[in-house]
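J.: Everything below, folded, please.
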Amino acid sequence: MSNNISVIKIGGSTLGAEDSTYKDILNLFKKGWKIVIIHGGGKEISNWINKQGIEPQFVDGLRVTDEKTLEVAIAVLSGKINAEIVTEFQNMGIDAVGISGSSGIIEAKRKDEKLGFVGEITSCNINLLNNLMDNGFLPIISPLAIATDLKNQIYNINADTAAGYIAKSLEADNIIFQTDVPGVFDSSRRIIPQMTKNQALELIDTGIVNGGMIPKIKACINALESVNSGRIIDGRNSGALLRAFTNGNIGTRIV
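T.: Take a look at the predicted model:
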């Protein structure tokens, strides 16, 4: 059954001159969809830590987060990027509310020592999100979490992972990941229009899918435990988001 809740993950690389993300979300919002947005900020974080002479490192698409990188991530995600997105929606007449995942929304424990201060989500409090949506607000969430295993610690969370967990917790109707590629490719570099969870995992196991696409697919699979469908689309194209909602031939759908 549809509950008209959609979780949309957006990233800085998908917001440009040609995309219509904000306009599409406004359109969906006016049609009665309850929407939760989780945003990334990877490129912006990399730019800022580069200025400090730190070389970004990734393992299976996840950012290695030392103490300095974490400080930058908190400032960029919950400060600069979140505020910019909220302001954009406010200017369009939508009651958007910016929330850090560490503000009682997401709890996590350390994922892996080699990743530093990267969290593995242990729980998600959806009460605040439901209250906001029921009262006509649009929650904009930055992917940070409060630690359950260390006192006064905040963890960096991959935005795709956070989106998948939140969608599963909300039992959303769908989840959409906006990225900067047309979809998931097969071994011949052709877009796969639809696949099952098992087929998606096989692409990871065989190495056909790698890098930043791994957390997107894993997050989508995790969400599908209670979400009807997930889709990975190229968010840079005008109208992409609306086409994803009308089952248009766009990106890769995982069922």
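J.: how about the strands in this structure?
T.: 5-10, 34-39, 58-59, 62-63, 96-100, 106-110, 119-124, 138-142, 144-147, 154-156, 174-179, 194-195, 229-234, 252-254 (DSSP state E).
J.: low pLDDT regions in the stretch 101-250 of the chain?
T.: By pLDDT under 70, the stretch 101-250 of the chain has no low-scoring segment.
J.: which residues in it form helices?
T.: Using DSSP state H, counting those that start in this stretch, the helices of the stretch 101-250 of the chain run over 127-134, 159-170, 197-205, 213-223, 240-245.
J.: okay, these, which one's buried deepest?
T.: Ranked by mean neighbour count, the helices of the stretch 101-250 of the chain are led by helix 159-170 with a mean of 27 (mean count of other Cβ atoms under 10 Å). All C-beta atoms are positioned from the backbone trio N, CA, C, and that covers glycine.
J.: Can you tell me how far the residue lying closest to Glu107 once chain neighbours are set aside is from Ala159?
T.: Nearest non-adjacent residue to Glu107, counting by Cβ to Cβ, 6 or more residues apart in numbering: Ser123, 4.6 Å away. Per Cβ to Cβ, to the nearest Å, Ser123 is found 18 Å from Ala159.
J.: which stretch among the helices of the stretch 101-250 of the chain comes nearest Gln57?
T.: For the helices of the stretch 101-250 of the chain, proximity to Gln57 was assessed by Cβ to Cβ; helix 213-223 is nearest, at 15.3 Å.
J.: I would like the residues contacting the closest one, please.
T.: 7, 60-62, 158, 160-165, 167-168, 172, 175, 177, 179, 181, 184, 197, 200-201, 203-204, 209, 230, 232, 254 (Cβ atoms under 8 Å, 6 or more residues apart in numbering).
J.: coming back round to it: with mean neighbour count and distance to Leu77 added, can I get the strands of the chain in JSON lines?
T.: Output for the strands of the chain, formatted as JSON lines (neighbours: other Cβ atoms under 10 Å; distance: least, Cβ to Cβ, whole Å):
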{"stretch": "strand 5-10", "mean neighbour count": "26", "distance to Leu77": "13"}
{"stretch": "strand 34-39", "mean neighbour count": "24", "distance to Leu77": "8"}
{"stretch": "strand 58-59", "mean neighbour count": "12", "distance to Leu77": "17"}
{"stretch": "strand 62-63", "mean neighbour count": "22", "distance to Leu77": "11"}
{"stretch": "strand 96-100", "mean neighbour count": "21", "distance to Leu77": "8"}
{"stretch": "strand 106-110", "mean neighbour count": "22", "distance to Leu77": "12"}
{"stretch": "strand 119-124", "mean neighbour count": "20", "distance to Leu77": "13"}
{"stretch": "strand 138-142", "mean neighbour count": "25", "distance to Leu77": "4"}
{"stretch": "strand 144-147", "mean neighbour count": "22", "distance to Leu77": "6"}
{"stretch": "strand 154-156", "mean neighbour count": "26", "distance to Leu77": "8"}
{"stretch": "strand 174-179", "mean neighbour count": "27", "distance to Leu77": "17"}
{"stretch": "strand 194-195", "mean neighbour count": "15", "distance to Leu77": "31"}
{"stretch": "strand 229-234", "mean neighbour count": "23", "distance to Leu77": "21"}
{"stretch": "strand 252-254", "mean neighbour count": "24", "distance to Leu77": "26"}
